[in-house]
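> Kindly return the folded structure for what I paste below:
(2 chains)
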Amino acid sequence: MTGKPECLLVLRSCDLEPSRLLAEAARASAGCVRLVIVVPEGSFTKCIDALRDTVGTLIHTSISVWEGRPPRPLNEYARVEVYPG
Amino acid sequence: MKLLDIDFVLTVDRTLMTDHHGKEFIGFMTTAPPVFFPEKLWMWIAAPKPKVDEYGRPVVAPYGLRKVEASLLEKGFKVAVIDPDYLEPYLERVKAVMIGHHDYFAFCPPSSEWWMLTGREPVNRRYLLRLMRLIARVKKTRNPDLKVIVAGPAAWQWLYVPDYVDEFMVDCIVEGESGEKAIPWLAQRILDGEELPRYLYVGPADSPSVEEIPVIKGLSVNGLIEVSRGCPRGCKFCSVTLRPFRHIPLDKIEAELRLHAEHGVHDGILHAEDVLLYGAVGVNVNPDAVLKLHALTKKYYKSFGWSHAALATVVQAQRRFKLISRLADMIFDEHMDFLGFQTGIETGSPRLVERDMRGKAAPYTPREWPDIVEEAFSILHEHNMIPAATLIIGLPGETEDDVYKTIELVERLKPYRSMIIPLFFVPMGAFRRKDWFLSIQLREEHAELLRICLLHSIRWAKEIIGKYMPGLRYAPVRWAMRLFLAWAEYGARRATAETILGFVEQAKERMARQEAREPLVKRIKARISGVFGRQPVEVPARAT
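So this is what the prediction gives:
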């Protein structure tokens, strides 16, 4: 699951509209075949409502959602976005 | 029972870990609540326990689990498919349990439809919830390091039930084609003690190539073997169309056929979104490839069916190549005198075909769709091939006229041996609400469509059942099915559109009452738990 352009979107909070998250994720993943989303530790199920539209819409991009921190160092991603920045 | 030294178990609840008495179509009963019969008898008919070996490994298992098992075994992981009745001792010692399902919470049709029509929870959901409670209980009390991974074509449903993700302590939800690459990647991370993503969607760029798809190592339920993956038709309501369209090479198919034949399995199912497009580029039939596939299959299987085929392909294959006749000549003999498969009519309205599923009619035009459907049914009837066809009712923007066009089409299909099953379109967003069933608004014309489809299907089922379940072996199941059909026919003949609508409203009220009651039950159980210092034994299932 490595070797293809991967982008990172770090969410400081999931307290955002699903449409807003979708827009951020679409922007963050442009040019990448994979998008890694990081949500705050222990908040995955709280984030599901916001995430659902994103993962259901960006169907041509592989997406993984992690809690707390990304699986690899930041410098290994083609692009890193933080929301809210 | 002896236990295997393994790190990973693959499993699923009883409604899928079964051979349905060797008759795949009976499996549809697991998508409904028990009707007329008590649950135990219903399950005996629909999902009998399969044979298992001394380690609790079922002799046959769902094909998807077999693919994941093969993939993990080839990469050196210690893994086995374990029957749910033998799961508990494994849960105490393995590193992860992986579950694959095609309808976890009964949100897919037809489960959601039976649920809504009866107001009662389908058995597939009941058994899945029992399995998940067992896993969560063992994880909580005896193996806190156990990782719980849920995958398969219905993994998306977990995103609509975050409470269950917490309650059942699910570590990772995996969507997309995950068996060949993503699951082994997760397994390695588990062995290495690394964090897992909470969610993983495998996009088309990460789909496995044909070379990466392994040959299964154990028998699949009812000898099912995959021959193609993906679909080129691009219908708006279908996710399979996102997958690259690939055909499994004949040598791999033969290896799986041989595996089954060597273990005494001589009846099976060829699986593809459209078996008649085997070897095709786009929607253009490749007759040589289809004939070779069937000749190969017939070498190992005395009888077999197709999982799916498209009606437009049936017409194209027969008009251009007389392929249906050639196939019938090739495969029918003293062991096999009919062939069944699933297909989609979806609608009789060319307007809706044009809007949502242009590719479904290809290479013909949406305008021709009703004629294509009837021609296909006629070809199939003549050649003893029996379609179980679905309709989708309640598509967004559907008008009364669209439904009447579908009714007209079903009336035209009366003379042809077939089953026709209308399915409700449930917008995915509806599942966010606990009372999603209230969002389904049936109109009088829908009820009329339900009624004529039921009568059509019962009429032909009575004939088909003798062909489908012949001989003494199936006598008890056949008898139970005939009894059920007689009961259903009695009701259907007396039903009107008005009484069906009344019935649905009653079901909705029943479901709404269950919803309202549940929080109280949960509160009482929580109180008892607090007083006596232990966890509630069981939380009743709920609509989500």
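> now the strands: where do they sit in the stretch 101-250 of chain B?
With DSSP state E, counting those that start in this stretch as the criterion, the stretch 101-250 of chain B has strands at B:147-151, B:172-176, B:199-202, B:219-220, B:224-226, B:228-229, B:246-247.
> let me fix that: chain A
Taking DSSP state E as the test, the strands found in chain A are A:6-11, A:34-39, A:62-67, A:79-83.
> from the ones you listed, which stretch is densest packed?
strand A:34-39 (a mean of 25; mean count of other Cβ atoms under 10 Å in any protein chain shown). C-beta here means a position set from N, CA and C on the backbone, and glycine is covered the same way.
> Dump the strands of the stretch 101-250 of chain B into a markdown table; add distance to residue A:10 as well.
Output for the strands of the stretch 101-250 of chain B, formatted as a markdown table (distance: least, Cβ to Cβ, whole Å):
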| stretch | distance to residue A:10 |
| --- | --- |
| strand B:147-151 | 24 |
| strand B:172-176 | 20 |
| strand B:199-202 | 15 |
| strand B:219-220 | 42 |
| strand B:224-226 | 39 |
| strand B:228-229 | 35 |
| strand B:246-247 | 36 |
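> among these, which is nearest chain A?
strand B:199-202 (4.0 Å; Cβ to the nearest Cβ).
> strands paired with the closest one, and their directions?
In the sheet containing strand B:199-202, its partner strands are strand A:62-67 (antiparallel), strand B:172-176 (parallel), by DSSP bridges.
> Need those in JSON lines (columns: mean pLDDT).
Converted to JSON lines, those look like this (pLDDT from 0 to 100):
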{"stretch": "strand A:62-67", "mean pLDDT": "96"}
{"stretch": "strand B:172-176", "mean pLDDT": "95"}
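> Could you export those strands to a markdown table, including columns for distance to residue B:72?
Supplementary listing: the strands paired with strand B:199-202 in a markdown table, determined by distance: least, Cβ to Cβ, whole Å:
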| stretch | distance to residue B:72 |
| --- | --- |
| strand A:62-67 | 20 |
| strand B:172-176 | 14 |
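> residues touching residue B:51, list them.
B:58, B:59 (Cβ atoms under 8 Å, 6 or more residues apart in numbering or on different chains).
> Which per-residue confidence value corresponds to it?
The model reports residue B:51 with a pLDDT of 94.
> what does the one 5 residues further on give?
On pLDDT, residue B:56 comes in at 97.
> Now it. Nearest residue, chain neighbours left out?
Nearest residue to residue B:56, sequence neighbours excluded (Cβ to Cβ, 6 or more residues apart in numbering or on different chains): residue B:86, at 2.7 Å.
> Please identify the buried residues of the lengthiest helix in chain A?
Criterion DSSP state H: the longest helix present in chain A is helix A:44-57. The neighbour-count check on helix A:44-57 (16 or more other Cβ atoms under 10 Å in any protein chain shown) flags A:44-56 as buried.
> Need the residues that contact that helix.
A:11, A:14, A:16-19, A:21-22, A:25-26, A:37, A:39, A:63, A:65, A:67, B:156, B:159-160, B:162-163, B:165-166, B:175, B:198-199, B:201, B:428, B:432.
> And stretch B:215-224, by the same measure?
With Cβ under 8 Å, 6+ apart, stretch B:215-224 has contacts from B:16, B:18-20, B:22-24, B:57, B:59-63, B:66-67, B:69-70, B:73, B:81, B:252, B:255-256, B:259-260, B:263, B:265-269, B:271, B:301, B:304, B:307.
> Give the burial count for residue 28, as a bare number.
Just going to use chain A. 23 (other Cβ atoms under 10 Å in any protein chain shown).
> Hmm, no, I was thinking of chain B.
17.
> Quick check, pLDDT for it.
pLDDT, read off for residue B:28, is 86.
> Just want the angle from the longest helix of chain A to strand B:172-176.
For helix A:44-57 against strand B:172-176, the angle by axes from the mean of the first three to the mean of the last three Cα atoms, to 10 degrees is 10 degrees.
> okay, which residue is most central for chain A?
The residue lying closest to the centre of chain A (Cα atoms, centre = their mean) is residue A:37, at 2.4 Å.
> Isn't that residue up against residue A:65?
Yes: Residue A:37 lies in contact with residue A:65 (Cβ atoms under 8 Å); the separation is 4.8 Å.
> Mind picking out the helix or strand in chain B with the poorest mean pLDDT?
Every helix and strand in chain B was compared by mean pLDDT, DSSP states H and E; the lowest is helix B:497-532, with a mean of 64.
> Could you measure from the nearest residue in space to residue B:32 that is not next to it in sequence over to residue B:366?
Leaving aside its sequence neighbours, residue B:32 sits nearest to residue B:114 (Cβ to Cβ, 6+ apart; 3.9 Å). To residue B:366, residue B:114 is 30 Å away according to Cβ to Cβ, to the nearest Å.
> and what of residue B:390?
From residue B:390 to residue B:366 the distance is 18 Å (Cβ to Cβ).
> neighbour-wise, which of the two wins?
Remark: of residue B:390 and residue B:366, residue B:366 carries more neighbours, 22 against 18, as counted by other Cβ under 10 Å.
> could you list every residue that touches the more buried one?
By Cβ under 8 Å, 6+ apart, the contact set of residue B:366 is B:350, B:351, B:353, B:354, B:357, B:358.
> ok, now with 6 Å
Contact partners of residue B:366, counting by Cβ atoms under 6 Å, 6 or more residues apart in numbering or on different chains, are B:350, B:353, B:354, B:358.
> By neighbours, which of these wins?
When neighbours are counted by other Cβ under 10 Å, residue B:353 leads these with 23 neighbours.
> For that residue, which non-adjacent residue is closest in space?
Distance criterion Cβ to Cβ, 6+ apart; nearest residue to residue B:353, sequence neighbours excluded, is residue B:366 at 3.9 Å.
> Next, that neighbour: phi, psi?
Phi and psi for residue B:366, reported as degrees, to the nearest 10, are phi -50, psi -30.
> One more: the one 4 residues further on?
The main-chain torsion angles of residue B:370 are listed as degrees, to the nearest 10 and equal phi -60, psi -40.
> any idea how far it lies from chain A?
31 Å (Cβ to the nearest Cβ, to the nearest Å).
> now swap in residue B:264 and tell me
From residue B:264 to chain A the distance is 39 Å (Cβ to the nearest Cβ).
> Please apply the same query to residue B:36.
Taking Cβ to the nearest Cβ as the criterion, residue B:36 is separated from chain A by 38 Å.
> How about residue B:338?
38 Å.
> how many other residues sit next to that residue?
There are 16 residues near residue B:338, going by other Cβ under 10 Å.
> State the helix or strand in which residue B:258 lies.
helix B:250-262 (DSSP states H and E).
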